[in-house]
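Chemist: Give me a model of this one.
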Amino acid sequence: MAVLFFLDKNHSLAKPGFNRWLVPPAALSIHLAIGQVYALSVFKVPLTRVIGIDQSVAGDWTQIEIARIFSIAIVLLGLSAAVFGRWLENAGPRKAMFASAICFASGFFISAIGVHLHQLWLLYIGYGFIGGIGLGLGYISPVSTLIKWFPDRPGMATGLAIMGFGGGAMIGGPLAQILMTHFHSAHSVGIVEAFVVMGTIYFCFMMFGVFTVRIPEPNWKPVGWEPSARKSAMITSHNVDVETAFRTPQFWMLWVVLCMNVTAGIGIIEQASPMIQEMFKGRATPAAAAGFVGLISLFNMAGRFFWSSTSDYIGRKPTYMIFFLLGTALYIGVTFTGHQHLNSVALFVLCCLIIISMYGGGFATIPAYIRDLFGGSQVSAIHGRILTAWSVAGILGPMLVNHIRQYEINRGVPLTDAYSTVLYTMAGLLLIGFVANTLIHPLNAKYIHEEQSGTEPVTGRPAHQ
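Modeler: Numbering: from 1, shown residues only. Sure, this is the predicted structure:
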C-alpha cells in the first residue's frame, strides 16, 4: 500500500520552492534507458549466430526475422502511447514511469529466456510486445509534465526529455557489445547474459526518474512569464481536448509529417550496423560499426535538443521544412558515397549523422507543435495518438529497407550498391512529409468550444529559474 501511495499523482505534487530544473534529469533517466531500442541493430548479427556461434548455420534466425522484434517494439510503443495517454493525464507521470520500468526490464528477461531456448516468439513477446509497452509508457510520461513546467520554452523542454531517447543507443550500443564480448564463449554468443544484466541495470536507472519526478500545481506558471507575449498565429490561446483534436485536419497532417520523417530515418537506424559494413565491405569492421551506432545515437540525441530549441525561435513549421528539404538532398547524396569513384566512409557517416539529427529533432519538436496547435492541457493524450504514426513507421521503415535490399541482392546487384534504391525511397517519403507540413494551418474556430477557451495558466508558486 505504501508503494501505491508513493506512486499516487497527488503524492508527486511539487512543494513550495521546488526547482523545476530537477525534472529534466528525471525525464532523461527514463528516456536514456528506453532509448536502448535504437541500439538493437548491435544484436542483429549475433542473434543470427545463436546456434553457429561464429557464423550462421541451418536453424539460425535470419536478419529479416530479427528485424521484426524492432518493428513489434515500435508498433507497441505507438499503440500503448495512444491507449494509455489519457490514463497518464489522470494517473500522473510517476505511476506511468514505474509501469514503464517494469515492462521494459521484463522484456529483457523474457527475451533472455527466448534466446536460451531458441524460441523467437519469446523475443517477439518479451522485447517486442511487453518491452514495447514499456517504451510507450516511458516515452510519453515525462513530456506533458515538462511542458507544464516550461510553458515559456516548450520546444526546449521536450528536447530535454526526448534527447535522452535518442541518446540511449550511445550507452546501449557499447554496453551491449562489451557484455556480449565478456560473456562470449565456444557455446554462447553472450546475448542471454547480456540481456539479463541490461534489464537489471535499466530498471535501477529508471527508478531514479520515478523517485525524482514532480508535477506543478494546477495553473502554475514561471515567475515573470506572460502568455500574452506570444504572437505567432500558429500558437493557440485555447485548450482542445483529445477527441476534438482527433477530428481536425491538423491532427492528421501532423500524423503524416511524423510518419514520413520517422519512416525515412528508422529503417536506416534499424539497419545501421549491417548497412555500413555492407556498403564498405572490408573497411568497416563490426567494432567500427558499433561505433557508428554510437555516433548515430549521439547526433540523434543532440539533434533533439538543438532542433526543438531552435523551433522556439523560428517556429515548428519552418523547422520541419528544413528537415524535409535538407533530408531529401542528403539521402540522395548518401547513394553516391559508396560508389567506386568516391567510396568515402567519412562522407557517408557525415550525411547520415545530419539526417539522424533531424530525425531526432522531429520527435522532440512534435509535442511542442501539438501544444501550439491544441493547447497544453492534454498534450500526452494527443501526443500518444499521434505516436501511432511511429507504430506504422516502425513496420514500414525496416520492411522497406530489408525487403528492398534483399530484392536488389536477388536480382544480382552487388552488396555494396544494394541500398541505393532504399535511399531514393526514403527521399521520396520526405517529400510527402514536406507537402503535409505545408498544409498545416492554425486551428479553425469551429473546433474550439467555449468550455475549452480561456484556459491559460494563472500565477502559481514561483519556481527557481
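
Chemist: Can you verify my assumption that Pro216 contacts Trp149?
Modeler: Yes: using CB atoms under 8 Å, Pro216 is in contact with Trp149, at 5.8 Å. From N, CA and C alone the C-beta is placed, and that goes for glycine too.

Chemist: Looking at the two, which is more packed in?
Modeler: Set Pro216 next to Trp149 and count neighbours by other CB atoms under 10 Å: Trp149 wins out with 27 against 21.

Chemist: How about that one: what's its closest non-neighbour residue?
Modeler: Spatial nearest neighbour of Trp149, excluding adjacent residues (CB to CB, 6 or more residues apart in numbering): Arg20 at 4.4 Å.

Chemist: low-confidence ranges in this structure?
Modeler: For the chain, applying pLDDT under 70 flags the ranges 1-5, 227-232, 338-342, 416, 449-465.

Chemist: Which of the helices or strands spans the residue positioned nearest the centre of it?
Modeler: For the chain, the residue nearest the mean C-alpha position is Phe165 (5.5 Å; CA atoms, centre = their mean). If you go by DSSP states H and E, Phe165 is part of helix 154-183.

Chemist: and that helix, which residues are buried?
Modeler: Neighbour-count burial for helix 154-183, counted by 16 or more other CB atoms under 10 Å, picks out 154-177, 179-180, 183.

Chemist: Run a quick neighbour tally on the residue nearest to Trp149.
Modeler: A total of 19 residues lie near Arg20 under the criterion other CB under 10 Å.

Chemist: helices and strands around the helix or strand containing Leu350, which ones?
Modeler: Assigned by DSSP H and E, Leu350 belongs to helix 345-374. For helix 345-374, the elements it packs on are helix 143-149, helix 154-183, helix 249-270, helix 272-279, helix 286-314, helix 316-337, helix 379-386, judged by 3 or more CB pairs under 8 Å, 6 or more residues apart in numbering; DSSP states H and E.

Chemist: Go ahead and confirm Ala393 touches Cys259.
Modeler: Yes: Ala393 is within contact range of Cys259, at 5.3 Å (criterion: CB under 8 Å).

Chemist: overlap in contacts of these two?
Modeler: Counting by CB atoms under 8 Å, 6 or more residues apart in numbering, Ala393 and Cys259 have no contacts in common.

Chemist: How about the helix holding Leu350, which residues are buried there?
Modeler: By neighbour count on 16+ other CB under 10 Å, the buried set for helix 345-374 is 345, 348-374.

Chemist: With adjacent residues omitted, what lies nearest to Phe434?
Modeler: Phe324 (3.7 Å).

Chemist: show me what contacts that neighbour?
Modeler: Phe324 makes contact with Met260, Asn261, Leu430, Leu431, Gly433, Phe434, Asn437, according to CB under 8 Å, 6+ apart.

Chemist: how about a cut-off of 6 Å?
Modeler: Leu430, Gly433, Phe434 (CB atoms under 6 Å, 6 or more residues apart in numbering).

Chemist: The second one sits in which helix or strand?
Modeler: This means Gly433. Assessed by DSSP H and E, Gly433 sits inside helix 420-438.

Chemist: other SSEs contacting that helix?
Modeler: Applying 3 or more CB pairs under 6 Å, 6 or more residues apart in numbering; DSSP states H and E, we find helix 420-438 packed against helix 249-270, helix 316-337, helix 388-410.

Chemist: CSV please, covering the helices and strands packed on helix 345-374 and showing distance to Ala73.
Modeler: Shown next, in CSV, are the helices and strands packed on helix 345-374 (distance: least, CB to CB, whole Å):
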stretch, distance to Ala73
helix 143-149, 19
helix 154-183, 13
helix 249-270, 10
helix 272-279, 16
helix 286-314, 16
helix 316-337, 24
helix 379-386, 16
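
Chemist: Quick one: closest of those to Leu47.
Modeler: helix 154-183 (10.3 Å; CB to CB).

Chemist: quick one: that closest one to chain centroid distance?
Modeler: Relative to the chain's own centre, helix 154-183 is displaced by 11 Å; criterion: CA atoms, centre = their mean, to the nearest Å.
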